[in-house]
Structures are given as C-alpha cells and as structure tokens.
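**Student:** how does the following fold in three dimensions:
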Amino acid sequence: MTATSRFIRFTRLTRILIALAALSAFAATASAAGPKAYVGNFKDSTVSVIDTGSEAVIATVPVAAGPDGIVVSANGRDVYVSGSSASAVSQIDTASDRVARSIDVGKGPQGLALTPDGKWLLVAVNGDDRMAFIDTATHAVSASVPVPKPHTIAVQPDGRLAYVASQEPGHFALVVIDLAARKVVTELPLDKAPRDLEFGPDGKALYLTLAGVPAVQVLDAATNQWGKAIPTGVSPHIAQHFAGMASGVVVVQGPGEVMLFDPAARTAVRSIGVGKQPHWLDLSADGKKLWVSNEGSNDVSVVDLAGGPMRTVAVGNAPRKIAVQRTGASQGNSQGTSQSTSQSGHAAGSAHVAIRNFAFEPAQITISVGQTLTWQNDDGAPHGVVFKDGTTGIDLLLPGKAFARSFDKPGVYDYACSVHPYMTARVTVVARQSRS
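**Tutor:** Numbers count the residues shown, from 1 in each chain. As a prediction, this is how the structure comes out:
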C-alpha cells in the first residue's frame with residue numbers, strides 16, 4: 001500500500017469517527033430524561049447542559065462571551081444567557097440545545113429575570129446604566145429604565161415591581177421599578193455593594209446579600225423596611241427560599257458550603273459542604289436536590305436534601321450561574337408532547353395539573369369527556385381556579401391542597417388563577433374515541 005492510499009484511508013476513517021461522535025452527542029441530547037440543568041462557564045464562554053436524571057453533561061453550547069446571568073423560561077423551552085463581556089443575550093432552544101438567536105442589548109449585560117407571565121425578559125445592562133425590557137415574543141428590546149450600574153434583578157411574584165441591585169460606586173442602592181409604568185418609584189440606599197437579591201415564594205420577604213457582610217439581609221417588601229438579618233459564614237452570595245421548601249438556602253463562598261436557614265426564626269439550621277468557591281444554586285424540578293455551581297473547582301455539586309450521598313459533575317472553566325428546567329425536555333418542547341406526557345403517569349380516568357412557581361403545569365392539557373382533572377397546589381402561596389365561562393372552579397386553593405373537576409362536554413375551557421389573574425391556562429375536552 002502506497003503512502004498516498006494509506007493517507008486516504010486514514011482521512012476517511014477520521015471522518016467516520018467524527019461523524020459517529022457527532023451522532024453520539026446528538027443521541028445523548030435527544031435521549032435526555034430531563035429536566036436539564038444549564039451551567040454558564042464564565043471563562044469558556046460556554047454553557048454545559050446536564051441531564052438531571054443521569055447527572056451527566058450531554059452538550060456544551062458556545063454562547064456570548066462571559067456568560068453571567070442565566071434563566072429558563074417557565075415552559076422550559078428557552079434558556080437566556082447574558083454575555084457580560086459582550087453586548088448580547090444568547091437564547092438557547094432546549095429542544096436542540098443550540099443558540100437560536102443572539103439579542104443585542106448593550107454593553108456588559110449581567111443579571112436576568114423573567115416576569116411571571118413570561119412576556120418580558122429584564123436585563124441589567126451594567127455598561128449602559130439601564131435595565132432593558134426584551135419582548136420574548138419579538139426578541140427585541142422595546143424599552144429601558146435608567147439604573148446606575150445594575151447588577152442583579154428580582155421580580156415580585158405578582159409581577160408589579162422589580163428590585164434592581166445598583167452597584168454605582170459611592171451610591172449603592174436597591175432601585176425599585178414599576179414594571180407597568182416602566183419608571184423608578186423609589187431607591188433604598190445601602191452601605192455596601194449589593195450582590196444578589198431574591199424574593200421568597202409569597203413575595204413578602206426579599207433576601208439580599210452584601211459585599212463584605214457575613215449575613216443575609218431581609219427586606220419587608222410591603223414596607224421596604226429591613227428586618228432581622230440571617231447570620232452566615234464569610235461571603236454569602238445567593239439566598240433563596242424556594243416554594244415548597246420549609247428551609248431557605250444560601251450559598252456561602254468562604255467556607256464552601258450551602259447553609260439551610262429557618263425563614264421564620266432567621267437562624268441557621270445546618271450547613272452542607274460543597275465544592276470550591278460556590279457561586280449559585282437552583283432546586284431540582286422534584287424539589288429533592290440542590291444543584292450548586294462551584295466556580296473554584298469547575299464542577300457542580302448535587303446535594304440530596306434527604307441526606308443521601310452528594311454527587312459531583314465536572315463542567316467547564318469557572319461555572320457561575322446555574323438554572324434547572326421545571327419540566328422535562330419532552331414536556332417543554334411541544335404542546336402535543338406536553339399534553340400526552342402530563343397524562344401518562346395517571347390513571348386512565350384522571351389527569352393532573354400542578355401549580356408551582358406561580359404557573360399551571362402544563363398550561364395546556366387535553367383530556368376526554370368523562371375524565372377528572374385534578375389541580376394540586378405545590379406552591380408556597382394560595383391560588384385558585386376560575387373558568388372564563390363561569391363554570392365550576394375554586395376561589396381559594398391553599399398550599400398542599402387539591403381541587404378536582406370532571407368534564408362531561410367537549411370544548412375548550414380557558415381558566416385563570418383567582419388570586420393571580422396573570423396565571424392563565426386551558427383545558428381542551430375531546431369526545432371519547434370508540435374502540436374497535
């Protein structure tokens with residue numbers, strides 16, 4: 001065999017191996033059990049995609065430089081990632097785990113937040129001193145509100161106000177914005193630079209961390225008055241009280257741990273060691289595990305809240321933000337799949353809608369005449385179910401309670417939450433098909 005023929009065979013073999021690798025990667029993504037976790041690797045300018053079922057990385061997605069803020073849409077179909085070293089927000093399609101579009105927003109976008117109705121993506125455009133409104137339907141910036149050096153954003157669960165951490169040197173503050181009027185309504189001065197801020201599930205408490213302060217500050221959102229702080233170790237970063245969890249959680253960077261705290265007593269409950277320099281966390285869709293990104297050890301810690309062994313998933317360089325889908329990949333990518341999946345785990349005569357994170361899941365469901373549909377309030381706030389046509393619903397459904405209704409006529413039944421009218425959904429009832 002000549003050198004030329006050997007080279008040709010080597011080239012063909014290389015191409016085959018590359019093609020097989022690509023097919024393998026595609027198959028891994030397509031077969032993900034989901035839900036998936038998305039991790040922004042700051043130094044690599046990539047996002048690692050983790051299948052939370054297998055706890056394995058199934059894709060790596062190049063995004064705008066310096067991924068900082070990251071949020072997942074309520075239906076799980078889109079992931080938004082801000083490029084703080086660029087001027088864009090990358091929108092990832094979770095069906096393909098590829099960037100669907102890049103949205104130009106201005107210099108140095110950092111924190112991101114979605115309004116509860118999913119219509120607006122709020123962007124802290126740090127380099128241009130403003131908070132931008134991206135219309136999620138048109139994918140374009142439609143408005144801005146001036147905010148000096150905005151860093152992170154928290155939106156009240158009722159969608160009325162946004163609180164923005166302003167890191168302007170010498171004038172640190174929380175800037176409060178009326179989202180409907182799109183104007184600043186007040187500013188709360190701070191002695192230290194604000195880091196992150198998050199609302200509790202009922203919107204009554206705002207948890208804030210400050211640079212150089214070993215405690216979580218707690219703001220009464222009704223009065224904008226500060227209450228008793230929650231002592232922590234050195235350098236707390238993000239503090240959260242997820243809906244359905246008895247304890248709140250805070251990432252404490254100095255000792256490399258997650259601290260659980262009592263939201264009522266505002267005292268520590270216990271601490272769990274994670275990786276080096278933990279940065280961010282999110283809760284799994286089933287509420288059983290915490291996913292913690294460790295910027296200093298280039299990995300993610302998977303913390304079993306029931307006390308099981310902790311697992312570690314290696315990702316890219318300097319992982320910062322992490323966000324977990326609230327629904328599986330197959331549930332979030334198409335209406336038809338979502339409907340069939342939502343019914344597959346229940347008895348033939350019943351179907352199920354969960355109320356969590358101020359949304360109905362699924363937002364659209366198809367059932368047959370005679371079936372019973374059950375709504376379960378898995379949120380931390382009271383909700384209700386009221387139908388547009390005035391048919392039977394329930395005005396108040398407390399956390400942990402359920403409401404069931406049978407449908408005896410075909411039709412389309414639009415409904416909303418009686419407590420939060422922006423929460424809307426639909427039931428489609430079809431005639432039963434006869435079996436041969």
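
**Student:** quick one, helices of the stretch 301-436 of the chain?
**Tutor:** For the stretch 301-436 of the chain, the helices defined by DSSP state H, counting those that start in this stretch cover 329-332, 335-344.

**Student:** among those, show the one with the smallest mean pLDDT.
**Tutor:** When mean pLDDT is averaged over each of the helices of the stretch 301-436 of the chain, helix 335-344 scores lowest at a mean of 28.

**Student:** tell me the bridge partners for Ile92.
**Tutor:** For Ile92, the beta-bridge partners under DSSP bridges are Val79, Val99.

**Student:** so for stretch 426-436, mean pLDDT?
**Tutor:** 66.

**Student:** can you check stretch 104-113 too?
**Tutor:** The average pLDDT within stretch 104-113 is 97.

**Student:** one more: stretch 360-379?
**Tutor:** 88.

**Student:** what residues of it count as buried?
**Tutor:** 360-368, 371, 373, 375-379 (16 or more other Cβ atoms under 10 Å). C-beta: built from backbone N, CA, C; applies to glycine.

**Student:** remind me which residues of the stretch 201-350 of the chain are low pLDDT?
**Tutor:** Within the stretch 201-350 of the chain, the segments meeting pLDDT under 70 span 327-350.

**Student:** show me the strands in it, by range?
**Tutor:** Per DSSP state E, counting those that start in this stretch, the stretch 201-350 of the chain carries strands over the ranges 205-210, 215-220, 225-226, 230-231, 236-240, 248-252, 257-262, 267-273, 278-283, 289-294, 299-304, 311-314, 319-324, 350-356.

**Student:** within the sheet, what are the partner strands of the second one, with directions?
**Tutor:** Sheet partners assigned to strand 215-220 using DSSP bridges are listed as strand 205-210 (antiparallel), strand 225-226 (antiparallel), strand 230-231 (antiparallel).

**Student:** just the ones of the buried residues of stretch 360-379 in strands?
**Tutor:** 360-361, 364-368, 373, 375-377 (DSSP state E).

**Student:** of all these, which two lie farthest apart?
**Tutor:** For those, the farthest-apart pair by Cβ to Cβ is Ser368 and Asn377; their separation is 24.6 Å.

**Student:** quick one on the thing from earlier: out of the strands paired with strand 215-220, which comes closest to Tyr415?
**Tutor:** strand 205-210 (29.4 Å).

**Student:** between which two of the buried residues of stretch 360-379 is the distance greatest?
**Tutor:** Ser368 and Asp379 (27.7 Å).

**Student:** what about Ala431, how many residues close to it?
**Tutor:** 10 (other Cβ atoms under 10 Å).

**Student:** next one: phi and psi at the nearest residue to it once chain neighbours are set aside?
**Tutor:** Once flanking residues are discounted, Ala431 sits nearest to Pro410: 5.1 Å by Cβ to Cβ, 6 or more residues apart in numbering. The phi and psi torsions at Pro410 (degrees, to the nearest 10) take the values phi -60, psi 150.
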